[in-house]
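1. Structure for the following, please:
(2 chains, ligands or ions: 5)
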Amino acid sequence: MNILEKKKVPEFMAALAADYDLYGPIVHPDSKDVLFDRAADPGDIALQAPIPYNPAKIPFFPQRESILGYTYDRSTGDVRIAPADLVRPKALVGIRSCDLTGLLCLDRFFLGQEFVDDVFRDHRRKTFIVANTCVRPFPQCFCVCTDSGPSAREGFDINLTEAGDVYLVEAGSEKGEALVRKLELPAADEAQTALKDKIVDGSIALFDEVSRENKAWISRATNRLTTGFIRNEVWEYIGKQCFECGACAFTCPSCSCFNIEDLNGPDGTTDRCRTWDSCSFEGYTKMAGDHNPRRPVEDRRNKRFFCKLSYSQSRKYLRPGCVGCGRCVRVCPGDIGLPTVVTAIRREITE
Amino acid sequence: MNAKTETAIVTVPEIAVVDEIKDEIDEVKTFYFRFVDEAAGRNFRIRSGQFIMCTVFGAGEFAVSLPFSPENDRLHLSVRSVGKVTRALHDLKPGDKIGIRGPFGNGFPFEEIKGKNIIYVAGGIGLIPLRSSIVHVLQHRDEFGRILLLYGARTSKDLMYTYMIDKWLKTDGFETHIAIDNPEPGWTKHVGFVNTLVERAGIPVKDTVAFVCGPPVMFNAVIRDLLKRGLKDAHIISTLERHMKCGIGKCQHCAIGRTLVCTDGPVYTYKQIKTLGEQI
Ligand SMILES: Cc1cc2nc3c(=O)[nH]c(=O)nc-3n(C[C@H](O)[C@H](O)[C@H](O)COP(=O)(O)OP(=O)(O)OC[C@H]3O[C@@H](n4cnc5c(N)ncnc54)[C@H](O)[C@@H]3O)c2cc1C
Ligand code: SF4
Ligand code: SF4
Ligand code: SF4
Ligand code: FES
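-> Ligands and ions are numbered 1, 2, ... in the order given. Below you'll find the predicted structure:
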């Protein structure tokens, strides 16, 4: 473990900015909203800011992205296919453990199954991650219920933990160690090293008091979804509450549904674009002749929660698909964020 | 392309030339194609029952079955024009190029059904995905028992591949029963929905597997009647269809219950279908 003095943070950011585009939590100057975004200036990244409204998947899995480009001249028969090579090296700075766990979910999903998503792979290969331990949870957090925080255990190049005037620095990879060496960060002494566990324990202890908005004790709900049977009325209730706005999926760090379209540009090239999509949209499964195997809205709701709490377990992420960030609660106009649904399922069990 | 290798680039299509286009039935055409790169052609090994993602340049991509048999059969697709991309495909002329990704999906379980009788039950263009299986089975005629095709369509003009059926009928031990939904002048064969053929044809039940493919209403009626006749649900095989976008298990458009049609399917047994927990 090493030490980064707070006054040296700009130097740290500058060193990263030399090799990478920087992304991180940025406080909007007028509204004070925190958004995860590309930093025009390394100094814009606000390590102390609360967790951003939007998820950290954005640099790897942008809302809209060209995954292939081609031109076809029908008169000459000339086809040129160019895999999109727009991937730039990126550093994600100050991402919270919940978001990082969401990213690891996406890694398993995009890279670890039968087929590899090569576009996502390119993004991931050119990434540097600086995680940031939550020394104090935020009101909507429940990562302690989903085993994804408040401190990251894997998947980072550097992990920072705020401790008074300094950050405790842990390197999690060769790349991270190289940066520590380059900046000649001093080694932590024994007392400082021991501080890390205390800080994390202290943060966990604060959950009762601070993170009062959500609780989602998901393991019983997961068990019930996977092995048992949930009364249809529960799904109907959830279905009726849903406005099909897709906001839950778009703000979730581990949601990955997407659509693909070929879009023709004015210069004769075509972009094969992928855009975020959501299994709660009615058109998601629509087929020819207006056949829609998943028409009732409760079928679609049921799908998302099965995915998060059950399917994800067994084959996609090897862990729950929810990482406890609480974003879906904040955005859902129908008040069916994941904790509400878990509560509805648990209530059914106890009834 | 099914092995998990780090370098498997499955997002980039291989280029092929359409060298012949044949009108089949109303709105359905068959497109014969060959790969521009000969090596790509040699590497294109399929299993019967698999599908590909076909790019119509400038329009997009869609999922389509491979109706040819894996062995010495011309490469082709039979496609109904239903929307944006398939309409653009129908506008192509011989010499135009298309893109091909795949093959994807699991394929039919031929090893497990050796020695059995086979009944094919198809409705309308549901015969397209079954064609590769029929041709394959007829090429290995001695490995199977009775082979029976029950085929129905709305009208006689909606019957696919009738010229092929005539050819298949010349193979020993291949029988077929054909039906249309309503009477037509000059029609001498059966009239009624295709499931009524199950009753009529006196199908074998012992050591028999059925391949069923067609629109959802037909599918449900056929399954019901096959089960009534005593077929086991593990011996009813079908290929399912879903709106597909990526073909490689990522976009989730083709999810049914816990499975993805593009990677777990498109071939399922009815025993599996029953547990999917969603409409077909
Ligand atoms: C495994 C598999 C094998 C298939 N094999 C064949 C085949 O051999 N021949 C053939 O003609 N078609 C086949 N299809 C169906 C074909 O993929 C669709 O007809 C095609 O995607 C429609 O594309 P489009 O852009 O022309 O239509 P769009 O403009 O996208 O849509 C037109 C309408 O078709 C719907 N649609 C989109 N995808 C599908 C789909 N997969 N199935 C049904 N409706 C859909 C849309 O929701 C819309 O209502 C197969 C589908 C799958 C999944
Ligand atoms: S959910 Fe946990 S890791 Fe995420 S911001 Fe809140 S406390 Fe931090
Ligand atoms: S389901 Fe909701 S709380 Fe869980 S990770 Fe997604 S957005 Fe966050
Ligand atoms: S945010 Fe709420 S209302 Fe919107 S799609 Fe998600 S569950 Fe439905
Ligand atoms: S088509 Fe994308 S997951 Fe099956």
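2. make it CA atoms for all contacts and neighbour counts henceforth
-> Noted.
3. With just CA atoms, put stretch A:260-271 into CSV.
-> Extracted in CSV, the C-alpha atoms of stretch A:260-271 (Å, rounded to 0.1, in the frame of the first residue of the first chain):
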residue,chain,number,x,y,z
ILE,A,260,-28.6,-3.0,-33.7
GLU,A,261,-29.5,-0.9,-36.8
ASP,A,262,-27.7,-0.1,-40.0
LEU,A,263,-27.8,3.7,-40.5
ASN,A,264,-26.8,5.1,-43.9
GLY,A,265,-24.7,8.3,-43.9
PRO,A,266,-24.8,11.0,-46.6
ASP,A,267,-21.3,9.9,-47.8
GLY,A,268,-22.4,6.5,-48.9
THR,A,269,-21.1,4.7,-45.8
THR,A,270,-23.2,2.7,-43.4
ASP,A,271,-22.8,2.6,-39.7
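4. Next, the buried residues of that stretch.
-> A:Ile260, A:Glu261, A:Asp262, A:Leu263, A:Asn264, A:Thr269, A:Thr270, A:Asp271 (16 or more other CA atoms under 10 Å in any protein chain shown).
5. The second one against B:Gly60, yeah?
-> Yes: judged on CA atoms under 8 Å, A:Glu261 makes contact with B:Gly60 at a distance of 6.2 Å.
6. And the residue of the stretch 151-280 of chain B found nearest ligand 2, its phi and psi?
-> Closest residue of the stretch 151-280 of chain B to ligand 2, CA to the nearest ligand atom: B:Lys250 (25.5 Å). Main-chain dihedrals, B:Lys250, degrees, to the nearest 10: phi -110, psi -40.
7. just B:Ile236 next, same as before
-> phi -110, psi 120.
8. which residues touch the closest residue to B:Ala16 other than its chain neighbours?
-> Leaving aside its sequence neighbours, B:Ala16 sits nearest to B:Phe35 (CA to CA, 6 or more residues apart in numbering or on different chains; 4.0 Å). When contacts are counted by CA atoms under 8 Å, 6 or more residues apart in numbering or on different chains, B:Phe35 touches B:Glu14, B:Ile15, B:Ala16, B:Val17, B:Gly41.
9. quick one: the host helix or strand of the last one near chain A?
-> I take that to be B:Gly41. Element membership of B:Gly41, judged by DSSP states H and E, is helix B:38-43. No: figure legend: helix B:38-43 not in contact with chain A (CA under 8 Å from any CA of the partner chain); closest approach 15.2 Å.
10. What count of nearby residues applies to residue 157?
-> You didn't say which chain, so I picked chain A. Neighbourhood size, A:Asp157 [other CA atoms under 10 Å in any protein chain shown]: 21.
11. Chain B is the one I meant
-> A count of nearby residues for B:Lys157, using other CA under 10 Å, gives 12.
12. quick one: A:Cys332 and A:Trp217, what's the gap?
-> According to CA to CA, to the nearest Å, A:Cys332 stands 20 Å off from A:Trp217.
13. I meant B:Val12, not that one.
-> Taking CA to CA, one finds B:Val12 at 43 Å from A:Trp217.
14. so what's the residue of the stretch 151-280 of chain B closest to ligand 2 up against?
-> By CA under 8 Å, 6+ apart, the residues touching B:Lys250 are A:Phe109, A:Phe110, A:Asp117, A:Ser256, A:Cys257.
15. what do you get if the cut-off is 7 Å, keeping everything else the same?
-> Neighbour list for B:Lys250: A:Phe110 [criterion: CA atoms under 7 Å, 6 or more residues apart in numbering or on different chains].
16. what's the answer for A:Phe110, then?
-> Counting by CA under 7 Å, 6+ apart, A:Phe110 has contacts A:Val116, A:Asp117, A:Phe120, B:Lys250.
17. on that earlier part again, what's next to the helix or strand just after the helix holding B:Gly41, contact-wise?
-> Of the helices and strands lying after helix B:38-43 in sequence (DSSP H and E), the nearest is strand B:51-56. With CA under 7 Å, 6+ apart as the test, strand B:51-56 has contacts from B:61-66, B:85, B:88-89, B:98-105, B:247.
18. Can you get me a residue count around B:Asp172?
-> Burial of B:Asp172 is recorded as 12 neighbouring residues (other CA under 10 Å).
19. what does A:Pro10 give?
-> Neighbours around A:Pro10, by other CA under 10 Å: 13.
20. Which strand or helix spans it?
-> Counting by DSSP H and E, A:Pro10 is part of helix A:9-19.
21. buried ones in that helix?
-> A:Val9, A:Phe12, A:Met13, A:Leu16, A:Ala17.
22. Show me what residue of the stretch 101-250 of chain B gets nearest to ligand 3.
-> For the stretch 101-250 of chain B, CA to the nearest ligand atom, closest residue to ligand 3: B:Lys250, 17.6 Å.
23. hang on, the earlier thing: which of the contacts of A:Phe110 sits closest to ligand 3?
-> B:Lys250 (17.6 Å).
24. pLDDT score for the closest one?
-> Per-residue pLDDT puts B:Lys250 at 93.
25. Could you pull out the helices in the chain for me?
-> Looking at chain A here, since you left the chain open. Using DSSP state H, the helices of chain A run over residues A:9-19, A:97-111, A:118-125, A:143-146, A:174-182, A:190-210, A:218-227, A:232-241, A:247-251, A:297-306, A:327-331, A:338-350.
26. my bad, the chain I had in mind was chain B
-> With helices called from DSSP H, chain B shows them at B:38-43, B:84-90, B:127-139, B:162-168, B:195-200, B:216-229, B:270-274.
27. just so I know, which of the ones you listed lies nearest ligand 1?
-> helix B:84-90 (3.5 Å).
28. Determine the set of other helices and strands touching that closest one.
-> Judged by 3 or more CA pairs under 7 Å, 6 or more residues apart in numbering or on different chains; DSSP states H and E, helix B:84-90 is in contact with strand B:51-56, strand B:60-65.
29. got the buried residues for it?
-> B:Val85, B:Thr86, B:Arg87, B:Leu89, B:His90.
30. The third one contacts B:Ser81, doesn't it?
-> Yes: with contact defined as CA atoms under 7 Å, B:Arg87 reaches B:Ser81; the gap is 5.0 Å.
31. re the thing from before, quick one: the helix holding A:Pro10 to chain centroid distance?
-> Centroid displacement of helix A:9-19 relative to its chain, using CA atoms, centre = their mean, to the nearest Å, is 24 Å.
32. what does it rub up against?
-> A:Pro42, A:Gly43.
33. mean confidence for it?
-> Averaging pLDDT along helix A:9-19 gives 96.
34. swap in stretch A:342-351?
-> 77.
35. who touches that stretch?
-> Residues from elsewhere that reach stretch A:342-351, judged by CA under 7 Å, 6+ apart: A:Ala216, A:Ile218, A:Ala221.
36. Please convert the helices of chain B to JSON lines, extending it with distance to ligand 4 and mean pLDDT.
-> Conversion of those to JSON lines gives the following (distance: least, CA to the nearest ligand atom, whole Å; pLDDT from 0 to 100):
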{"stretch": "helix B:38-43", "distance to ligand 4": "43", "mean pLDDT": "90"}
{"stretch": "helix B:84-90", "distance to ligand 4": "27", "mean pLDDT": "96"}
{"stretch": "helix B:127-139", "distance to ligand 4": "36", "mean pLDDT": "94"}
{"stretch": "helix B:162-168", "distance to ligand 4": "47", "mean pLDDT": "93"}
{"stretch": "helix B:195-200", "distance to ligand 4": "40", "mean pLDDT": "86"}
{"stretch": "helix B:216-229", "distance to ligand 4": "28", "mean pLDDT": "90"}
{"stretch": "helix B:270-274", "distance to ligand 4": "28", "mean pLDDT": "92"}
